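S.K.: need coordinates for the following:
(2 chains)
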2 protein chains.
Amino acid sequence: MNYFSSNFKLGILGGGQLGKMMLYDTRKFDIYTCVLDPSPEAPSRLACDEFNVGDLMDYDTVINFGKNVDVLTIEIENVNVDALETLEKQDVKVFPSSKTLRTIQNKATQKLFYRDNNIPTADFMRFSDSSKINKVVDNGDLVFPFVWKSARFGYDGTGVKVVRNENDLVDLPNVECITEKLIPFKNELAVIVARNEIGDVKTYPVVEMEFHPEANQVEYVICPARIPDAISQKAETVALKVASAFEHVGLLAVEMFQTENDDILVNEVAPRPHNSGHYSIEASYTSQFEQQIRCVLGLPLGDTKSKVAGVMVNLVGADGHTGDVVYKNIDKILAMEGVTPHIYGKKQTRPFRKMGHVTIVNKDVAVARKVAEKVKKSIAVICE
Amino acid sequence: MNYFSSNFKLGILGGGQLGKMMLYDTRKFDIYTCVLDPSPEAPSRLACDEFNVGDLMDYDTVINFGKNVDVLTIEIENVNVDALETLEKQDVKVFPSSKTLRTIQNKATQKLFYRDNNIPTADFMRFSDSSKINKVVDNGDLVFPFVWKSARFGYDGTGVKVVRNENDLVDLPNVECITEKLIPFKNELAVIVARNEIGDVKTYPVVEMEFHPEANQVEYVICPARIPDAISQKAETVALKVASAFEHVGLLAVEMFQTENDDILVNEVAPRPHNSGHYSIEASYTSQFEQQIRCVLGLPLGDTKSKVAGVMVNLVGADGHTGDVVYKNIDKILAMEGVTPHIYGKKQTRPFRKMGHVTIVNKDVAVARKVAEKVKKSIAVICE
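M.R.: The predicted structure is shown next:
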């Protein structure tokens, strides 16, 4: 099929900031795009050819949207998977597949998948609800501290808690969950794997998430990771194994721990463009968003190497600020070398809301990292 | 003014491929944009916030559009300049200024401007209409061969003719025109100057237009130009002088000849993003489109240096093909290293119509140039 000139339609479930960035590249290739998102104010409302407002979790809504397109992809995992399965049977190409999404949507199933496929991951136990944990703690089969994770809809800090003692158990939501051994790690790493339908596969370089020493939050995503080559190779091998086990089509972002013993353990995966790959817009020969389009359309994969080193800083709403957003000192960071802000277009800020990101590139990763620190100290996402 | 979060509106006159590429960056910065173009199918109809259909040469249309925005810029020179002058008086910021556009729109005025400002350019004569040329030839003040140029609306080959003898004079359109001395040149070069309202100024590296040895058409735009440093510096100095003479705000693409004697002569200028700067999307720290936005909004200028070398090839409709466009072998070029096609989104091709461009990047300009040749030999813009 000639995607560039026919009546071809690409559907994207979700019209958030990831979808918005994917649209830069569908516009570049002049691919006809249809977007479905629950919010009429979604960042992707512009730049697509058809924008539809609707519930991504509603079976009929997803079916009606999906049957209108040739290839369907996602920018968010929380979509109605039964609808995707039906669409696959109706010969819509759905990437990632309903099977992969079903496995990933539930953290217990995801962990079992790793175990079944011999993919290294932290030891875990699964519970139909959190109230069942007490008994296992009492009989000594589970010891403090451990990590509690809600099986469903747990993202970036919500649905995840470190449990250090009996008191921490009290407030856990009573939902299906897993507990994981708390792994002391040297580094948190990520590898984005790109794979198309005929099985061509490429990996982006290993990136490193640098944590704030006190806040225990990711502050910088750094490409390339400042780790020995042997560790990078190990991480790449594990990431490739995960993508191949899923027979994945599209991007798969694989988040991993480098343990104190230099083992690599898979933490979790995202079957789509990912925060850890935003640096690629400015730093890579092929951005992750263009790559996602290449993957799902069955085009040859682009070069995943970097032109220059990249560091990414998330722009999140400042604590204590809720209301009409102002990007304080954005002119100051625009004057710094190799700095590109990406503003997602949300009109309202609130504490820790993801409002954008900034990429800093330089031939020297150490210089990029220093400029990134200046960026972080200068800019503030506030309301006036 | 906080362009990133207020009620600020940027207006763009023209919604063609240049505007479309500028919109990648207004979306990235979440700048509110209004576009005016005569065609409801213009490439910029998507990705802007407000799309208006209207005649760019009509005074009232431009006034009504312009009074609705805070800053007004262009992606095409053929706009109603009287309207821009009125808008300037009404405190709309217009970049480039009406004065600059008025000078540039007429090639005779443009040439006089160079002469008045001591900017090197080929010797010329001006005529109120072409029929007056004969007499000057007859009395020996103008000798064959020379270049004839229509004073108004002459673009890329149309409105330009090499006159070698009396016969060539016969078919010239009877319009205001200039004649220029035919300059034997070693290279055609271009420099894009970026300048903002407070006079900050940066130049992009000198690029080289490589001509097809037989067809006498630009085949490749190459950055950096493969010329001695001393020539590059001379070209940059001349380009800066032109931008400063215009007190220009925005991008100014300065096209120049490097003569057999290594003199630099200004051929013509474009006060906007330009074909010779398309390579910058993939190769530069700041693309020309982001830079244009930075200039007209009074933001700090971005770094104009290159991350890697870049070569650009225009995608034009193949001879003998008129109808629904097909990009033959686009999958083949996507498999080549460092290749990015940009498809402008015109549904119909016709011979030599500009349908897109392809950028080839590589750390080594010689490798990029070789891949560019492979691209050019592979792809064809045809109809089936």
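
S.K.: got the contact list for the residue of the stretch 151-300 of chain A found nearest chain B?
M.R.: Of all residues in the stretch 151-300 of chain A, A:Pro300 sits closest to chain B, at 3.7 Å by CB to the nearest CB. For every residue, glycine as well, the C-beta is placed using N, CA and C. Counting by CB atoms under 8 Å, 6 or more residues apart in numbering or on different chains, A:Pro300 touches A:200, A:294, B:331, B:334-335.

S.K.: so how far is the strand or helix carrying A:Lys377 from its chain's centroid?
M.R.: Using DSSP states H and E, A:Lys377 falls within helix A:365-378. Between the centre of helix A:365-378 and the centre of its chain there are 23 Å (CA atoms, centre = their mean, to the nearest Å).

S.K.: please name every helix or strand in contact with the next helix or strand after that helix.
M.R.: Sequence-wise, the next helix or strand downstream of helix A:365-378 (DSSP H and E) is strand A:380-382. The helices and strands touching strand A:380-382, judged by 3 or more CB pairs under 8 Å, 6 or more residues apart in numbering or on different chains; DSSP states H and E, are strand A:326-328.

S.K.: so what touches the strand it packs on?
M.R.: A:315, A:341, A:343, A:355-356, A:379-384, B:2, B:4-5.

S.K.: what's the answer for stretch A:51-59, then?
M.R.: A:13-15, A:34-40, A:42, A:44-45, A:61-62, A:65, A:76, A:78-80, A:82-83.

S.K.: so which of those residues are in strands?
M.R.: Under the assignment DSSP state E, these contribute A:13, A:34-37 to strands.

S.K.: need the max-distance pair from those.
M.R.: Spanning the widest gap among the ones in strands among the contacts of stretch A:51-59 are A:Cys34 and A:Asp37, at 11.0 Å by CB to CB.

S.K.: element containing the residue of the stretch 151-300 of chain A closest to chain B, please.
M.R.: Applying DSSP H and E, one finds A:Pro300 in no helix or strand.

S.K.: okay, it and B:Glu337: tell me how far apart.
M.R.: 11 Å (CB to CB, to the nearest Å).

S.K.: which neighbours do those two share?
M.R.: Joint contacts of A:Pro300 and B:Glu337 (CB under 8 Å, 6+ apart) do not exist.

S.K.: quick one, strands of the stretch 51-200 of chain A?
M.R.: Taking DSSP state E, counting those that start in this stretch as the test, the strands found in the stretch 51-200 of chain A are A:71-74, A:93-94, A:124-127, A:146-150, A:160-163, A:177-181, A:185-195.

S.K.: which of those strands sits most buried?
M.R.: Ranked by mean neighbour count, the strands of the stretch 51-200 of chain A are led by strand A:71-74 with a mean of 26 (mean count of other CB atoms under 10 Å in any protein chain shown).

S.K.: any idea of the mean pLDDT in that one?
M.R.: For strand A:71-74, mean pLDDT rounds to 98.

S.K.: C-alpha coordinates for that strand, CSV please?
M.R.: Extracted C-alpha coordinates of strand A:71-74, given in CSV (Å, rounded to 0.1, in the frame of the first residue of the first chain):
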residue,chain,number,x,y,z
VAL,A,71,-3.8,0.7,10.6
LEU,A,72,-4.6,1.4,14.3
THR,A,73,-2.0,2.4,16.9
ILE,A,74,-2.0,3.9,20.4
